[in-house]
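Engineer: Kindly return the folded structure for what I paste below:
(chains A and B)
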2 protein chains.
Amino acid sequence: MRIDGLQYANWSEKIFRQMREGGVDAVHVTIAYHETFRETVLNFERWNRWFEAHSDLIIKGHSARDIDRARETGRTAIFFGFQNPSPIEDDIGLVEILHTLGGRFMQLTYNNQSLLATGCYETEDSGITRMGRQVIKEMNRVGLVVDMSHSADRSTIEAAEISQRPIAITHANPHAWFPALRNKKDAVLRAVTENGGMLGFSLYPHHLRGKSDCTLQDFCAMIARTADTFGVAHLGIGSDLCQDQPDSVVEWMRTGRWSKEVDFGEGSASSPGFPPMPDWFQDNRDFGNIEQGLYAVGMNAEEVAAVMGGNWYRFFDENFGPDEG
Amino acid sequence: MRIDGLQYANWSEKIFRQMREGGVDAVHVTIAYHETFRETVLNFERWNRWFEAHSDLIIKGHSARDIDRARETGRTAIFFGFQNPSPIEDDIGLVEILHTLGGRFMQLTYNNQSLLATGCYETEDSGITRMGRQVIKEMNRVGLVVDMSHSADRSTIEAAEISQRPIAITHANPHAWFPALRNKKDAVLRAVTENGGMLGFSLYPHHLRGKSDCTLQDFCAMIARTADTFGVAHLGIGSDLCQDQPDSVVEWMRTGRWSKEVDFGEGSASSPGFPPMPDWFQDNRDFGNIEQGLYAVGMNAEEVAAVMGGNWYRFFDENFGPDEG
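Structural biologist: Numbering: from 1, shown residues only, chains lettered A, B, ... in the order given. Take a look at the predicted model:
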């Protein structure tokens, strides 16, 4: 079973077919960065058109059972998430509405301070806000997973403690391996995994040691070490694949409508666009390379299966429905 | 089994308890008159609060199976509908979005011309529009039922013919019994029922012979005659109960934001508000009176059961899901 914990591609039939070629059973797809509620609904509408047009390749995912259904029928289940809380605007009632529409993950921040928490690019991290506490409780109730991939450390640790259900960092790597601003320090990873949460390993070059030149061996050895430290049960892939996107999209991701000035984010004036992916992970057909890489660094079949999809499957199964507790 | 084909009450725990006392297993509830999409979502949010606060009395209805679930657990299943297409604005993609949120009926018009069809208060009825044809097709695809209760005759007949699935007049009576503008002529009832559609008999006094003084016997005899003419399988109740609503609500229903002038609709300057309900149907506890009244005019047990809920159950079961055809 192969499950990817995050992608934001310029979707097309080509990419849906590559998912099938790569044996990808499910993907968590970003459906909003800075979009308002109504704009997010327009994005759901666009996906509805794709589900109708490509019903032989993709199905909408609501629960882990849809992954079974996708596997039985040779398709890929698409689960949705928001990389910012902008779709809920200032209205806690939209948490359940967006879950009903298919949202399953929501980041409490995207780099900046939000109404809920602090993003990883702010200088001051004031932790979870008053509204943030209310929204985490509501997300727990309906089954919308808290994702802290782009949040600051204190906010992330607090979210892991406040949340009554496990949270996720869907796409990042350990800071100890490569000290990118977006990668996560051990204390953060410990807070998330100790509370049952998940880390999805990112293949976005800015998160990789050596960036686009990172080797498969180095990436997989890092996964094996992280498993030794935090437990293999809490680890998956979250490729952050942004396939076929024009550079205007990374500009939207970085600045939305919040600034009139250029913000290069993880890029720079000399390389402002999407960085080239490592040669061993160009698109959805390359998940087999990672699988082989994990075996090559000494992980056994059970561990490899867990990281490639089994852990995300269990996490989806336990966290996408209403809280029964 | 008792199912009501339309209510728009000023909802409260009191009314939910009266539904239980009256043995009402399911109700089609109006959730929008002139609301935009975003305003309709706010109404869904309000209902989500009620489902959470009164989970011992009501559940959200998606399909006829939820009526079974409601009966097994002693609750009432609430199904939603729009009395105007205003919630889809000019965006056909919102048809599926609103179905996902729980919409199961949508009127193509509310008295006035809409983007889709002509309302029953217009002088000219130009039939189904270009967008109307597209929207009917999309409603058929996802399982959102076309409701023509407030539409003009030609538009209704055309809708019944264009629609690939049965349509409904959820709340009205035969014009031959009482010639109110909102009641339906035989040609209209024939077009709807011949295509498998349903008529829900209204208890709104402006649709009753003798208005608030209409007798139970006269109302039930009218139902029996309608069954003889159009077939009992196409008939149900659609009470149009607007319990506990202030008169400001009937003003909103009649004029929304489309006019600066007063429009009395079915009322008049001397009685502009909600008319008093007949003494034998004051609220949800009185469905038993209608049941007894139907027996009293000579209907048999099978026919009474069909009209009181069996027909709506079958109709919900066949028409609220994606078109399998």
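
Engineer: C-alpha from now on. contacts and neighbour counts both.
Structural biologist: OK.

Engineer: Now tell me what touches stretch A:39-49 from outside.
Structural biologist: A:31, A:32, A:87, A:101, B:93, B:94, B:96, B:97 (C-alpha atoms under 8 Å, 6 or more residues apart in numbering or on different chains).

Engineer: do stretch A:72-80 as well
Structural biologist: Residues contacting stretch A:72-80 (C-alpha under 8 Å, 6+ apart): A:16, A:19-20, A:24-31, A:56-62, A:66-67, A:70, A:102-105.

Engineer: Buried only: go through these for me.
Structural biologist: Buried residues within those, counting neighbours by 16 or more other C-alpha atoms under 10 Å in any protein chain shown: A:16, A:19-20, A:24-31, A:57-62, A:66-67, A:70, A:102-105.

Engineer: re the thing from before, could the contacts of stretch A:39-49 be laid out in a markdown table, adding pLDDT and distance to residue B:263?
Structural biologist: Formatted as a markdown table, the contacts of stretch A:39-49 follow (pLDDT from 0 to 100; distance: C-alpha to C-alpha, whole Å):
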| residue | pLDDT | distance to residue B:263 |
| --- | --- | --- |
| A:31 | 98 | 44 |
| A:32 | 98 | 43 |
| A:87 | 98 | 38 |
| A:101 | 98 | 37 |
| B:93 | 98 | 32 |
| B:94 | 98 | 29 |
| B:96 | 98 | 33 |
| B:97 | 98 | 32 |
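
Engineer: near chain B, which residues of the stretch 51-200 of chain A show up?
Structural biologist: A:93, A:94, A:96, A:97, A:100, A:101 (C-alpha under 8 Å from any C-alpha of the partner chain).

Engineer: 10 Å instead, please
Structural biologist: A:91, A:92, A:93, A:94, A:95, A:96, A:97, A:98, A:99, A:100, A:101, A:102 (C-alpha under 10 Å from any C-alpha of the partner chain).

Engineer: Looks like residue A:189 contacts residue A:154 (just checking).
Structural biologist: No: using C-alpha atoms under 10 Å, residue A:189 is not in contact with residue A:154, being 11.8 Å away.

Engineer: which of these two has more neighbours?
Structural biologist: residue A:189 (27 against 20; other C-alpha atoms under 10 Å in any protein chain shown).

Engineer: Which helix or which strand is home to that one?
Structural biologist: Residue A:189 belongs to helix A:186-194 when assigned by DSSP states H and E.

Engineer: For the very next helix or strand once past that helix, name the packing helices and strands.
Structural biologist: Next along the chain after helix A:186-194, taking DSSP H and E as the criterion, comes strand A:198-201. Packing partners of strand A:198-201 (3 or more C-alpha pairs under 10 Å, 6 or more residues apart in numbering or on different chains; DSSP states H and E): strand A:3-7, strand A:168-172, helix A:186-194, helix A:216-230, strand A:235-237, helix A:311-319.

Engineer: Report the buried residues of the helix or strand bottoming out on mean pLDDT in chain A.
Structural biologist: Taking mean pLDDT, DSSP states H and E as the measure, chain A has helix A:247-255 as its least confident helix or strand, at a mean of 91. Using 16+ other C-alpha under 10 Å as the test for burial, helix A:247-255 gives A:250, A:251, A:253, A:254, A:255.

Engineer: starting at the chain centroid, how far to the longest helix seen in chain A?
Structural biologist: As far as residue count goes, and with DSSP state H defining each element, the longest helix of chain A is helix A:37-53. How far helix A:37-53 lies from its chain's middle: 19 Å, per C-alpha atoms, centre = their mean, to the nearest Å.

Engineer: for stretch A:235-243, same thing?
Structural biologist: Distance, centroid of stretch A:235-243 to centroid of chain: 7 Å (C-alpha atoms, centre = their mean).

Engineer: From start to finish, how long is it in a straight line?
Structural biologist: Stretch A:235-243 has an end-to-end distance of 23 Å (C-alpha to C-alpha, to the nearest Å).

Engineer: And stretch A:293-309, by the same measure?
Structural biologist: Stretch A:293-309 end-to-end distance (C-alpha to C-alpha) = 15 Å.

Engineer: Okay, buried residues for that stretch please.
Structural biologist: Buried residues in stretch A:293-309 (16+ other C-alpha under 10 Å): A:293, A:294, A:297, A:299, A:303, A:304, A:305, A:306, A:307, A:308, A:309.

Engineer: May I ask which two of those residues are separated the most?
Structural biologist: A:297 and A:309 (18.2 Å; C-alpha to C-alpha).

Engineer: ok, back up a step: other SSEs contacting the helix holding residue A:189?
Structural biologist: The helices and strands touching helix A:186-194, judged by 3+ C-alpha pairs under 10 Å, 6+ apart, are helix A:153-162, strand A:168-172, strand A:198-201, helix A:216-230.
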